[in-house]
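Asks: My questions are about this predicted structure, shown below with the sequence.
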Amino acid sequence: MPNQIVECIPNFSEARRPEVVEQIQAAIQGVQGVKVLDRHSDLDHNRTVITFAGTPEAVEEAAFRCIAKAAELINLEQHTGEHPRIGATDVVPFVPISEISMEECVQMARRVGQRVAGELEIPVYLYEQAASRPERQNLENIRRGQYETLKKEIGILPEREPDFGPAKVGKAGAVVIGARQPLIAFNVYLTTEDVSIAKAIAKAVRHSSGGLRYVKGLGLLVEGRAQVSMNLTNFRATPVGRVVEMIRREAGRYGVGIHHTELVGLIPQDALVNAARWYMQMDQFDDSQILEKRLSAAQIQGEDGPTEDRIAPTDASLTTGQASVDFLDALASGTAAPGGGSAAAHAGALAAALVSMVARLTIGKKKYVQVEGQMQAILDEAEALRAELTTAVKRDSAAFEAVMEAFKLPKDTPAEQEARLQAIEEATLQATLEPFGVAQKAVRVLELASQVISAGNLNAISDGGAGANLAVAALRGAGLNVRFNAKSLATNQEAARLLNELRDLDLQAARLIEKIELELKERGGLALE
(Lines give C-alpha, C1' and ligand atoms only; values in the text may rest on other atoms or scores of the structure.)
Protein backbone atom coordinates (compact mmCIF):
# COMPACT_ATOMS: atom_id res chain seq x y z
CA MET A 1 0.00 0.00 0.00
CA PRO A 2 1.42 3.42 -0.92
CA ASN A 3 0.76 5.02 2.49
CA GLN A 4 2.53 2.38 4.55
CA ILE A 5 5.25 3.86 6.74
CA VAL A 6 7.73 1.94 8.88
CA GLU A 7 10.27 3.37 11.30
CA CYS A 8 13.63 1.72 11.91
CA ILE A 9 16.01 2.64 14.74
CA PRO A 10 19.30 0.74 14.42
CA ASN A 11 21.87 1.08 17.21
CA PHE A 12 25.55 1.01 16.17
CA SER A 13 28.54 0.36 18.42
CA GLU A 14 30.40 3.50 17.35
CA ALA A 15 30.32 7.20 18.24
CA ARG A 16 33.95 8.24 18.67
CA ARG A 17 34.78 8.07 14.95
CA PRO A 18 32.33 10.43 13.25
CA GLU A 19 33.66 9.53 9.81
CA VAL A 20 32.48 5.94 10.37
CA VAL A 21 29.05 7.10 11.52
CA GLU A 22 28.79 9.33 8.44
CA GLN A 23 29.45 6.37 6.14
CA ILE A 24 26.80 4.28 7.89
CA GLN A 25 24.28 7.11 7.59
CA ALA A 26 25.18 7.56 3.92
CA ALA A 27 24.37 3.89 3.33
CA ILE A 28 20.89 4.54 4.67
CA GLN A 29 20.38 7.77 2.75
CA GLY A 30 21.42 6.06 -0.47
CA VAL A 31 18.10 4.20 -0.57
CA GLN A 32 15.28 6.03 -2.33
CA GLY A 33 12.09 6.25 -0.29
CA VAL A 34 13.85 6.57 3.07
CA LYS A 35 14.30 9.69 5.20
CA VAL A 36 16.74 9.96 8.11
CA LEU A 37 14.82 11.62 10.93
CA ASP A 38 17.41 11.75 13.72
CA ARG A 39 20.93 10.78 14.75
CA HIS A 40 22.21 10.62 18.31
CA SER A 41 25.80 9.73 19.27
CA ASP A 42 27.06 9.26 22.83
CA LEU A 43 30.83 9.19 23.33
CA ASP A 44 30.73 7.51 26.74
CA HIS A 45 28.35 4.84 25.51
CA ASN A 46 30.34 4.74 22.24
CA ARG A 47 27.03 4.17 20.53
CA THR A 48 25.02 5.87 17.80
CA VAL A 49 21.29 5.61 17.21
CA ILE A 50 19.96 6.56 13.77
CA THR A 51 16.22 6.88 13.20
CA PHE A 52 14.84 6.61 9.69
CA ALA A 53 11.46 5.92 8.12
CA GLY A 54 9.89 5.19 4.78
CA THR A 55 8.07 2.54 2.80
CA PRO A 56 8.53 -1.08 3.96
CA GLU A 57 10.59 -2.10 0.92
CA ALA A 58 12.89 0.91 1.19
CA VAL A 59 13.33 0.54 4.95
CA GLU A 60 14.21 -3.15 4.57
CA GLU A 61 16.89 -2.33 2.01
CA ALA A 62 18.30 0.54 4.07
CA ALA A 63 18.43 -1.65 7.18
CA PHE A 64 20.44 -4.31 5.36
CA ARG A 65 22.83 -1.77 3.85
CA CYS A 66 23.60 -0.08 7.16
CA ILE A 67 24.20 -3.44 8.84
CA ALA A 68 26.58 -4.38 6.05
CA LYS A 69 28.43 -1.06 6.25
CA ALA A 70 28.77 -1.27 10.04
CA ALA A 71 30.13 -4.82 9.76
CA GLU A 72 32.73 -3.53 7.33
CA LEU A 73 33.86 -0.59 9.47
CA ILE A 74 33.43 -1.62 13.14
CA ASN A 75 35.62 -4.19 14.90
CA LEU A 76 34.15 -5.26 18.25
CA GLU A 77 37.51 -6.66 19.30
CA GLN A 78 38.64 -3.04 19.60
CA HIS A 79 35.39 -1.56 20.91
CA THR A 80 34.85 -0.22 24.43
CA GLY A 81 31.91 1.71 25.84
CA GLU A 82 29.50 1.95 28.74
CA HIS A 83 26.51 0.53 26.90
CA PRO A 84 26.03 -3.25 26.59
CA ARG A 85 26.42 -4.61 23.04
CA ILE A 86 26.93 -7.84 21.08
CA GLY A 87 27.30 -6.46 17.58
CA ALA A 88 28.68 -3.72 15.37
CA THR A 89 25.03 -3.16 14.55
CA ASP A 90 23.72 -4.14 17.96
CA VAL A 91 19.96 -4.00 17.58
CA VAL A 92 17.58 -3.21 14.69
CA PRO A 93 13.90 -2.72 15.57
CA PHE A 94 11.12 -2.12 13.04
CA VAL A 95 8.19 -0.04 14.30
CA PRO A 96 4.78 0.22 12.56
CA ILE A 97 3.83 3.86 12.02
CA SER A 98 1.10 4.15 9.39
CA GLU A 99 -1.19 1.60 7.72
CA ILE A 100 1.05 -1.36 8.50
CA SER A 101 0.54 -4.08 11.07
CA MET A 102 2.92 -5.42 13.68
CA GLU A 103 2.83 -8.80 11.92
CA GLU A 104 4.08 -7.19 8.71
CA CYS A 105 6.96 -5.63 10.67
CA VAL A 106 7.71 -9.06 12.15
CA GLN A 107 7.99 -10.46 8.64
CA MET A 108 10.29 -7.59 7.69
CA ALA A 109 12.54 -8.45 10.63
CA ARG A 110 12.66 -12.09 9.58
CA ARG A 111 13.47 -11.28 5.95
CA VAL A 112 16.27 -8.88 6.89
CA GLY A 113 17.59 -11.39 9.43
CA GLN A 114 17.73 -14.16 6.84
CA ARG A 115 19.47 -11.88 4.36
CA VAL A 116 22.05 -10.68 6.91
CA ALA A 117 22.77 -14.27 7.88
CA GLY A 118 22.97 -15.50 4.30
CA GLU A 119 24.88 -12.68 2.62
CA LEU A 120 26.99 -11.30 5.48
CA GLU A 121 27.42 -14.53 7.50
CA ILE A 122 26.53 -12.73 10.73
CA PRO A 123 24.51 -14.58 13.39
CA VAL A 124 21.08 -13.05 13.91
CA TYR A 125 18.80 -13.18 16.95
CA LEU A 126 15.12 -12.20 16.76
CA TYR A 127 13.57 -10.27 19.66
CA GLU A 128 10.40 -8.55 20.93
CA GLN A 129 7.37 -9.34 18.72
CA ALA A 130 9.55 -11.22 16.22
CA ALA A 131 11.10 -13.50 18.86
CA SER A 132 11.18 -17.19 18.00
CA ARG A 133 10.97 -18.21 21.65
CA PRO A 134 9.56 -16.45 24.76
CA GLU A 135 12.89 -15.93 26.52
CA ARG A 136 14.18 -13.96 23.53
CA GLN A 137 11.46 -11.33 23.65
CA ASN A 138 13.60 -9.47 26.18
CA LEU A 139 16.71 -7.94 24.61
CA GLU A 140 18.66 -8.21 27.86
CA ASN A 141 18.44 -12.00 27.78
CA ILE A 142 20.01 -12.12 24.32
CA ARG A 143 22.70 -9.56 25.20
CA ARG A 144 23.68 -11.23 28.48
CA GLY A 145 27.44 -11.05 28.97
CA GLN A 146 27.86 -8.90 25.86
CA TYR A 147 30.04 -9.71 22.86
CA GLU A 148 32.88 -11.19 24.91
CA THR A 149 30.66 -13.83 26.55
CA LEU A 150 28.68 -14.57 23.41
CA LYS A 151 31.92 -15.28 21.54
CA LYS A 152 32.74 -18.01 24.09
CA GLU A 153 29.28 -19.56 24.39
CA ILE A 154 27.87 -19.49 20.85
CA GLY A 155 28.10 -22.90 19.21
CA ILE A 156 28.41 -24.55 22.64
CA LEU A 157 25.32 -23.63 24.64
CA PRO A 158 21.95 -24.47 22.99
CA GLU A 159 20.38 -21.24 24.30
CA ARG A 160 22.96 -19.26 22.33
CA GLU A 161 22.02 -20.84 19.00
CA PRO A 162 21.15 -17.96 16.62
CA ASP A 163 17.84 -17.81 14.77
CA PHE A 164 19.67 -17.34 11.48
CA GLY A 165 23.28 -17.60 10.41
CA PRO A 166 26.46 -19.28 11.67
CA ALA A 167 26.95 -20.36 15.28
CA LYS A 168 30.11 -18.27 15.53
CA VAL A 169 30.92 -14.57 15.66
CA GLY A 170 33.52 -12.53 13.82
CA LYS A 171 34.68 -8.99 14.43
CA ALA A 172 31.19 -7.66 13.66
CA GLY A 173 29.65 -9.81 16.39
CA ALA A 174 25.95 -10.64 16.10
CA VAL A 175 22.89 -8.51 15.41
CA VAL A 176 19.51 -8.54 17.16
CA ILE A 177 16.58 -7.76 14.85
CA GLY A 178 12.93 -7.43 15.77
CA ALA A 179 9.64 -5.58 15.69
CA ARG A 180 8.16 -3.55 18.52
CA GLN A 181 5.93 -0.67 19.47
CA PRO A 182 7.43 2.85 19.79
CA LEU A 183 10.06 3.00 22.52
CA ILE A 184 11.43 6.03 24.34
CA ALA A 185 15.16 6.02 25.12
CA PHE A 186 15.47 8.36 28.07
CA ASN A 187 18.37 9.19 30.39
CA VAL A 188 18.34 10.94 33.76
CA TYR A 189 21.57 12.55 35.01
CA LEU A 190 22.03 12.89 38.77
CA THR A 191 23.80 15.56 40.83
CA THR A 192 26.53 13.09 41.78
CA GLU A 193 29.35 11.14 40.21
CA ASP A 194 28.69 8.15 42.46
CA VAL A 195 27.61 5.50 39.94
CA SER A 196 26.50 3.16 42.74
CA ILE A 197 23.59 5.55 43.41
CA ALA A 198 22.55 5.43 39.76
CA LYS A 199 22.69 1.64 39.83
CA ALA A 200 20.58 1.49 42.98
CA ILE A 201 17.98 3.83 41.46
CA ALA A 202 17.96 1.87 38.19
CA LYS A 203 17.31 -1.30 40.18
CA ALA A 204 14.43 0.38 42.01
CA VAL A 205 12.79 1.76 38.88
CA ARG A 206 13.16 -1.07 36.35
CA HIS A 207 10.48 -3.72 36.07
CA SER A 208 12.77 -6.77 36.12
CA SER A 209 13.83 -6.01 39.70
CA GLY A 210 10.43 -4.98 41.04
CA GLY A 211 10.03 -1.43 39.71
CA LEU A 212 7.72 0.15 37.19
CA ARG A 213 6.17 -1.93 34.42
CA TYR A 214 7.57 -1.26 30.93
CA VAL A 215 10.78 0.31 32.25
CA LYS A 216 14.26 -1.05 31.58
CA GLY A 217 17.17 0.69 33.27
CA LEU A 218 20.91 0.69 33.96
CA GLY A 219 23.12 2.81 36.18
CA LEU A 220 26.14 4.25 34.33
CA LEU A 221 28.81 6.92 34.62
CA VAL A 222 28.48 9.31 31.69
CA GLU A 223 30.16 12.69 31.18
CA GLY A 224 31.36 12.63 34.77
CA ARG A 225 27.85 12.18 36.18
CA ALA A 226 25.89 9.22 37.43
CA GLN A 227 23.21 8.41 34.87
CA VAL A 228 20.08 6.27 34.95
CA SER A 229 19.79 5.08 31.35
CA MET A 230 16.35 3.74 30.42
CA ASN A 231 14.14 2.34 27.72
CA LEU A 232 10.44 3.04 28.25
CA THR A 233 8.59 0.40 26.24
CA ASN A 234 4.97 1.51 26.79
CA PHE A 235 4.63 5.21 27.57
CA ARG A 236 0.84 5.00 27.77
CA ALA A 237 0.82 2.40 30.54
CA THR A 238 3.84 3.88 32.34
CA PRO A 239 4.04 7.62 31.52
CA VAL A 240 7.37 9.45 31.37
CA GLY A 241 6.33 11.82 34.18
CA ARG A 242 5.73 8.91 36.56
CA VAL A 243 9.18 7.52 35.81
CA VAL A 244 10.90 10.87 36.38
CA GLU A 245 9.10 11.41 39.69
CA MET A 246 10.02 7.96 40.96
CA ILE A 247 13.67 8.63 40.14
CA ARG A 248 13.44 12.03 41.85
CA ARG A 249 12.07 10.40 45.02
CA GLU A 250 14.64 7.59 44.99
CA ALA A 251 17.47 10.08 44.43
CA GLY A 252 16.28 12.04 47.47
CA ARG A 253 16.96 9.01 49.64
CA TYR A 254 20.66 9.40 48.84
CA GLY A 255 20.72 13.18 49.22
CA VAL A 256 21.04 13.86 45.50
CA GLY A 257 18.70 15.23 42.84
CA ILE A 258 18.13 15.26 39.12
CA HIS A 259 20.61 17.47 37.28
CA HIS A 260 18.97 17.13 33.85
CA THR A 261 17.35 14.57 31.57
CA GLU A 262 18.14 13.54 28.02
CA LEU A 263 16.10 12.13 25.17
CA VAL A 264 17.88 9.74 22.80
CA GLY A 265 16.30 9.83 19.36
CA LEU A 266 12.64 10.68 18.89
CA ILE A 267 9.59 10.61 21.13
CA PRO A 268 5.87 10.30 20.27
CA GLN A 269 4.02 13.56 20.75
CA ASP A 270 1.44 11.84 22.94
CA ALA A 271 4.15 11.02 25.48
CA LEU A 272 4.96 14.72 25.89
CA VAL A 273 1.28 15.64 25.99
CA ASN A 274 0.70 13.07 28.73
CA ALA A 275 3.63 14.46 30.73
CA ALA A 276 2.38 18.03 30.32
CA ARG A 277 -1.14 17.00 31.33
CA TRP A 278 0.21 15.31 34.48
CA TYR A 279 2.77 17.92 35.58
CA MET A 280 0.53 20.91 34.84
CA GLN A 281 -2.55 19.14 36.25
CA MET A 282 -4.56 19.96 33.12
CA ASP A 283 -7.15 17.29 33.81
CA GLN A 284 -9.62 18.66 31.26
CA PHE A 285 -7.01 19.11 28.53
CA ASP A 286 -7.92 17.65 25.16
CA ASP A 287 -5.47 16.86 22.35
CA SER A 288 -7.58 18.92 19.97
CA GLN A 289 -6.36 22.02 21.87
CA ILE A 290 -2.90 21.55 20.34
CA LEU A 291 -2.47 24.20 17.66
CA GLU A 292 -0.62 21.96 15.21
CA LYS A 293 -3.28 19.26 15.46
CA ARG A 294 -6.04 21.77 14.88
CA LEU A 295 -4.19 23.14 11.83
CA SER A 296 -3.70 19.62 10.51
CA ALA A 297 -7.36 18.78 11.00
CA ALA A 298 -8.30 21.91 9.08
CA GLN A 299 -5.87 20.81 6.34
CA ILE A 300 -4.25 24.25 6.21
CA GLN A 301 -1.47 24.45 3.60
CA GLY A 302 1.25 26.96 2.83
CA GLU A 303 1.35 29.16 -0.27
CA ASP A 304 3.10 26.45 -2.24
CA GLY A 305 0.53 23.79 -1.36
CA PRO A 306 1.09 20.60 0.64
CA THR A 307 4.56 19.16 1.19
CA GLU A 308 5.08 16.20 -1.14
CA ASP A 309 7.91 14.39 0.61
CA ARG A 310 6.36 14.42 4.06
CA ILE A 311 7.02 11.23 6.03
CA ALA A 312 4.43 11.41 8.81
CA PRO A 313 0.77 11.35 7.79
CA THR A 314 -1.26 14.32 9.00
CA ASP A 315 -4.77 13.22 8.03
CA ALA A 316 -7.49 14.53 10.27
CA SER A 317 -9.27 12.09 12.52
CA LEU A 318 -12.09 10.32 10.74
CA THR A 319 -14.41 11.25 13.58
CA THR A 320 -14.42 14.98 12.97
CA GLY A 321 -14.75 17.64 10.29
CA GLN A 322 -14.40 17.24 6.56
CA ALA A 323 -12.58 13.91 6.83
CA SER A 324 -15.70 12.35 8.37
CA VAL A 325 -17.85 13.73 5.54
CA ASP A 326 -15.39 12.41 2.96
CA PHE A 327 -15.46 8.94 4.52
CA LEU A 328 -19.25 8.84 4.62
CA ASP A 329 -19.44 10.01 1.00
CA ALA A 330 -17.00 7.26 0.00
CA LEU A 331 -19.00 4.69 1.97
CA ALA A 332 -22.21 5.69 0.19
CA SER A 333 -20.65 5.92 -3.27
CA GLY A 334 -21.59 2.48 -4.51
CA THR A 335 -18.00 1.24 -4.85
CA ALA A 336 -16.94 -2.03 -3.23
CA ALA A 337 -14.54 -0.31 -0.84
CA PRO A 338 -14.78 1.14 1.71
CA GLY A 339 -17.49 -1.21 2.88
CA GLY A 340 -18.84 -2.95 5.94
CA GLY A 341 -15.43 -3.76 7.39
CA SER A 342 -14.31 -0.15 7.25
CA ALA A 343 -17.64 0.96 8.69
CA ALA A 344 -17.19 -1.48 11.58
CA ALA A 345 -13.73 -0.05 12.30
CA HIS A 346 -15.18 3.46 12.14
CA ALA A 347 -17.89 2.49 14.63
CA GLY A 348 -15.21 1.05 16.92
CA ALA A 349 -13.23 4.29 16.74
CA LEU A 350 -16.37 6.26 17.63
CA ALA A 351 -16.97 3.92 20.58
CA ALA A 352 -13.42 4.44 21.84
CA ALA A 353 -13.84 8.20 21.47
CA LEU A 354 -16.94 8.13 23.68
CA VAL A 355 -15.10 6.08 26.31
CA SER A 356 -12.35 8.72 26.27
CA MET A 357 -14.98 11.43 26.64
CA VAL A 358 -16.50 9.85 29.77
CA ALA A 359 -13.05 9.27 31.27
CA ARG A 360 -12.08 12.91 30.69
CA LEU A 361 -15.35 14.11 32.22
CA THR A 362 -14.54 12.04 35.32
CA ILE A 363 -10.89 13.02 35.80
CA GLY A 364 -10.47 16.07 38.00
CA LYS A 365 -13.88 15.84 39.66
CA LYS A 366 -13.74 15.74 43.48
CA LYS A 367 -16.64 13.31 43.60
CA TYR A 368 -14.63 10.77 41.61
CA VAL A 369 -11.17 11.26 43.08
CA GLN A 370 -10.98 7.58 44.13
CA VAL A 371 -11.23 6.41 40.50
CA GLU A 372 -9.04 9.08 38.91
CA GLY A 373 -6.10 6.72 38.42
CA GLN A 374 -8.38 4.12 36.88
CA MET A 375 -9.93 6.70 34.55
CA GLN A 376 -6.53 7.97 33.42
CA ALA A 377 -5.47 4.42 32.53
CA ILE A 378 -8.77 3.90 30.68
CA LEU A 379 -8.27 7.18 28.82
CA ASP A 380 -4.76 6.24 27.69
CA GLU A 381 -5.87 2.83 26.42
CA ALA A 382 -9.04 4.16 24.78
CA GLU A 383 -7.04 6.76 22.88
CA ALA A 384 -4.61 4.10 21.67
CA LEU A 385 -7.53 1.94 20.52
CA ARG A 386 -9.15 4.91 18.81
CA ALA A 387 -5.97 5.52 16.81
CA GLU A 388 -5.65 1.83 15.87
CA LEU A 389 -9.30 1.55 14.81
CA THR A 390 -9.07 4.75 12.78
CA THR A 391 -6.13 3.28 10.90
CA ALA A 392 -8.08 0.04 10.46
CA VAL A 393 -10.69 1.91 8.39
CA LYS A 394 -8.20 2.32 5.54
CA ARG A 395 -6.49 -1.01 6.16
CA ASP A 396 -9.74 -2.93 5.65
CA SER A 397 -10.39 -1.17 2.33
CA ALA A 398 -6.85 -1.84 1.18
CA ALA A 399 -7.13 -5.52 2.11
CA PHE A 400 -10.33 -5.89 0.06
CA GLU A 401 -8.74 -4.09 -2.90
CA ALA A 402 -5.81 -6.53 -2.72
CA VAL A 403 -8.28 -9.41 -3.09
CA MET A 404 -9.77 -7.78 -6.18
CA GLU A 405 -6.30 -7.30 -7.66
CA ALA A 406 -5.47 -10.95 -7.04
CA PHE A 407 -8.55 -12.03 -8.99
CA LYS A 408 -7.30 -9.95 -11.94
CA LEU A 409 -4.01 -11.89 -12.21
CA PRO A 410 -3.47 -13.88 -15.42
CA LYS A 411 -4.53 -17.54 -15.48
CA ASP A 412 -3.65 -18.67 -19.00
CA THR A 413 -1.09 -21.30 -17.99
CA PRO A 414 -1.06 -23.83 -15.15
CA ALA A 415 1.76 -21.89 -13.46
CA GLU A 416 -0.15 -18.62 -13.71
CA GLN A 417 -3.30 -20.29 -12.45
CA GLU A 418 -1.45 -21.72 -9.44
CA ALA A 419 0.17 -18.35 -8.68
CA ARG A 420 -3.19 -16.62 -9.01
CA LEU A 421 -4.91 -19.01 -6.62
CA GLN A 422 -2.10 -18.62 -4.11
CA ALA A 423 -2.35 -14.82 -4.33
CA ILE A 424 -6.12 -14.98 -3.86
CA GLU A 425 -5.70 -17.24 -0.82
CA GLU A 426 -3.14 -14.94 0.80
CA ALA A 427 -5.11 -11.77 0.06
CA THR A 428 -8.35 -13.30 1.32
CA LEU A 429 -6.66 -14.38 4.54
CA GLN A 430 -5.40 -10.85 5.07
CA ALA A 431 -8.91 -9.54 4.35
CA THR A 432 -10.11 -11.87 7.11
CA LEU A 433 -7.40 -10.87 9.57
CA GLU A 434 -8.20 -7.17 9.27
CA PRO A 435 -11.82 -7.33 10.49
CA PHE A 436 -10.82 -9.94 13.07
CA GLY A 437 -8.41 -7.40 14.54
CA VAL A 438 -11.26 -4.87 14.61
CA ALA A 439 -13.45 -7.41 16.43
CA GLN A 440 -10.77 -7.94 19.07
CA LYS A 441 -10.36 -4.22 19.61
CA ALA A 442 -14.13 -3.70 19.71
CA VAL A 443 -14.46 -6.16 22.59
CA ARG A 444 -11.69 -4.37 24.48
CA VAL A 445 -13.48 -1.03 23.89
CA LEU A 446 -16.64 -2.68 25.22
CA GLU A 447 -14.72 -3.68 28.37
CA LEU A 448 -13.55 -0.09 28.84
CA ALA A 449 -17.10 1.16 28.25
CA SER A 450 -18.25 -1.17 31.00
CA GLN A 451 -15.69 0.34 33.36
CA VAL A 452 -16.64 3.97 32.69
CA ILE A 453 -20.33 3.10 32.98
CA SER A 454 -19.65 1.41 36.34
CA ALA A 455 -17.39 4.03 37.89
CA GLY A 456 -17.32 7.13 35.67
CA ASN A 457 -19.13 10.45 35.83
CA LEU A 458 -22.82 9.67 36.28
CA ASN A 459 -23.75 12.71 34.17
CA ALA A 460 -22.07 11.04 31.18
CA ILE A 461 -23.41 7.52 31.70
CA SER A 462 -25.58 7.74 28.58
CA ASP A 463 -22.47 8.58 26.54
CA GLY A 464 -20.81 5.48 27.94
CA GLY A 465 -23.89 3.47 26.94
CA ALA A 466 -23.77 4.93 23.43
CA GLY A 467 -20.12 3.92 23.23
CA ALA A 468 -21.03 0.39 24.32
CA ASN A 469 -23.67 0.17 21.59
CA LEU A 470 -21.18 1.32 18.97
CA ALA A 471 -18.61 -1.20 20.19
CA VAL A 472 -21.21 -3.96 19.84
CA ALA A 473 -22.00 -2.75 16.33
CA ALA A 474 -18.29 -2.77 15.48
CA LEU A 475 -17.93 -6.33 16.78
CA ARG A 476 -20.95 -7.62 14.89
CA GLY A 477 -20.08 -5.81 11.67
CA ALA A 478 -16.48 -6.98 11.76
CA GLY A 479 -17.61 -10.50 12.67
CA LEU A 480 -19.83 -10.70 9.60
CA ASN A 481 -16.84 -9.81 7.42
CA VAL A 482 -14.65 -12.42 9.11
CA ARG A 483 -17.25 -15.15 8.56
CA PHE A 484 -17.93 -14.14 4.96
CA ASN A 485 -14.27 -14.07 3.96
CA ALA A 486 -13.44 -17.23 5.90
CA LYS A 487 -15.95 -19.16 3.74
CA SER A 488 -13.46 -18.84 0.89
CA LEU A 489 -10.74 -20.38 3.06
CA ALA A 490 -12.45 -23.65 3.91
CA THR A 491 -9.22 -25.66 4.06
CA ASN A 492 -7.15 -22.96 5.74
CA GLN A 493 -6.30 -23.80 9.37
CA GLU A 494 -5.74 -20.13 10.16
CA ALA A 495 -9.29 -19.31 9.05
CA ALA A 496 -10.66 -22.07 11.27
CA ARG A 497 -8.72 -20.67 14.21
CA LEU A 498 -10.08 -17.19 13.59
CA LEU A 499 -13.67 -18.47 13.52
CA ASN A 500 -13.15 -20.29 16.84
CA GLU A 501 -11.66 -17.21 18.45
CA LEU A 502 -14.45 -15.06 17.04
CA ARG A 503 -16.98 -17.26 18.83
CA ASP A 504 -15.04 -16.67 22.06
CA LEU A 505 -15.17 -12.93 21.44
CA ASP A 506 -18.94 -13.10 20.94
CA LEU A 507 -19.35 -14.94 24.25
CA GLN A 508 -17.10 -12.43 26.02
CA ALA A 509 -19.14 -9.58 24.55
CA ALA A 510 -22.41 -11.21 25.66
CA ARG A 511 -21.20 -11.30 29.26
CA LEU A 512 -20.11 -7.67 29.06
CA ILE A 513 -23.44 -6.59 27.57
CA GLU A 514 -25.26 -8.25 30.46
CA LYS A 515 -23.05 -6.47 32.96
CA ILE A 516 -23.44 -3.11 31.21
CA GLU A 517 -27.21 -3.50 31.06
CA LEU A 518 -27.29 -4.02 34.82
CA GLU A 519 -25.03 -1.00 35.50
CA LEU A 520 -27.07 1.26 33.25
CA LYS A 521 -30.26 0.29 35.08
CA GLU A 522 -28.77 0.56 38.58
CA ARG A 523 -26.79 3.78 38.12
CA GLY A 524 -28.81 5.66 35.52
CA GLY A 525 -32.17 4.03 35.15
CA LEU A 526 -31.29 3.33 31.50
CA ALA A 527 -31.21 0.35 29.17
CA LEU A 528 -28.51 -0.59 26.69
CA GLU A 529 -30.99 -1.33 23.90
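Replies: Nice, I can see it.

Asks: list the helices and strands the helix of greatest length in the chain packs on?
Replies: In the chain, taking DSSP state H as the definition, the longest helix is helix 414-455. Secondary-structure packing of helix 414-455 (3 or more CB pairs under 8 Å, 6 or more residues apart in numbering; DSSP states H and E): helix 340-362, helix 372-407, helix 461-486, helix 493-519. (Each C-beta comes from the backbone N, C-alpha and C, glycine too.)

Asks: try it again with 10 Å
Replies: Where contact means 3 or more CB pairs under 10 Å, 6 or more residues apart in numbering; DSSP states H and E, helix 414-455 is packed against helix 102-115, helix 340-362, helix 372-407, helix 461-486, helix 493-519.

Asks: any idea how far the shortest one is from the chain center?
Replies: What that stands for is helix 102-115. In terms of CA atoms, centre = their mean, to the nearest Å, the centre of helix 102-115 is found 15 Å from the chain centre.

Asks: What is it packed up against?
Replies: For helix 102-115, the packing partners by 3+ CB pairs under 10 Å, 6+ apart are strand 5-8, helix 56-73, strand 89-98, strand 124-128, strand 175-179, helix 414-455.

Asks: Can I take it that Glu262 is in a strand?
Replies: Yes. According to DSSP: H, G, I helix; E, B strand; the rest coil, Glu262 belongs to a strand.

Asks: Report the separation between it and Asp504.
Replies: 45 Å (CB to CB, to the nearest Å).

Asks: hang on, the earlier thing: tell me the average confidence for the longest helix of the chain?
Replies: The average pLDDT within helix 414-455 is 87.

Asks: and the angle for it with helix 461-486?
Replies: With axes from the mean of the first three to the mean of the last three CA atoms, to 10 degrees applied, the angle from helix 414-455 to helix 461-486 works out at 160 degrees.

Asks: returning to that earlier point: now the helices and strands packed on helix 102-115 in TSV, with distance to Pro239?
Replies: Formatted as TSV, these follow (distance: least, CB to CB, whole Å):
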stretch	distance to Pro239
strand 5-8	21
helix 56-73	29
strand 89-98	19
strand 124-128	21
strand 175-179	23
helix 414-455	18
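
Asks: now the ones you listed as CSV including mean neighbour count?
Replies: Output for the helices and strands packed on helix 102-115, formatted as CSV (neighbours: other CB atoms under 10 Å):
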stretch, mean neighbour count
strand 5-8, 24
helix 56-73, 22
strand 89-98, 24
strand 124-128, 25
strand 175-179, 28
helix 414-455, 21
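
Asks: Test my guess that Glu250 contacts Arg206.
Replies: No. Using CB atoms under 10 Å, Glu250 is not in contact with Arg206, being 11.5 Å away.

Asks: Give me the common contacts of the two.
Replies: Shared contacts of Glu250 and Arg206 (CB atoms under 10 Å, 6 or more residues apart in numbering): Val228.

Asks: between the helices and strands packed on helix 102-115, which gets nearest to Val358?
Replies: Val358 lies closest to helix 414-455 among the helices and strands packed on helix 102-115, at 4.1 Å (CB to CB).

Asks: any idea how far the closest one is from the chain center?
Replies: 18 Å.

Asks: Check stretch 136-148 too.
Replies: 22 Å.

Asks: and if you look at stretch 98-107?
Replies: Distance, centroid of stretch 98-107 to centroid of chain: 10 Å (CA atoms, centre = their mean).

Asks: State the mean pLDDT of that stretch.
Replies: 90.

Asks: most centrally placed residue in the chain?
Replies: With distances taken as CA atoms, centre = their mean, Gln181 lies nearest the centre of the chain, 2.5 Å away.

Asks: contacting residues around it?
Replies: If you count contacts by CB under 10 Å, 6+ apart, then Gln181 has 93, 95-96, 102, 105, 128-129, 214, 233-236, 268, 384 around it.

Asks: Show me which of the residues you listed is closest to Leu220.
Replies: Among the contacts of Gln181, and counting by CB to CB, the member closest to Leu220 is Thr233, at 18.9 Å.

Asks: what's that closest one sitting at in phi/psi?
Replies: phi -90, psi -10 (degrees, to the nearest 10).

Asks: Then the one 5 residues further on?
Replies: With angles defined as degrees, to the nearest 10, Thr238 shows backbone torsions of phi -130, psi 90.

Asks: List the contacts of it.
Replies: Contacts of Thr238 (CB under 10 Å, 6+ apart): Val205, His207, Gly211, Leu212, Arg213, Tyr214, Val215, Leu232, Met246, Asp380.

Asks: All set now, cheers.
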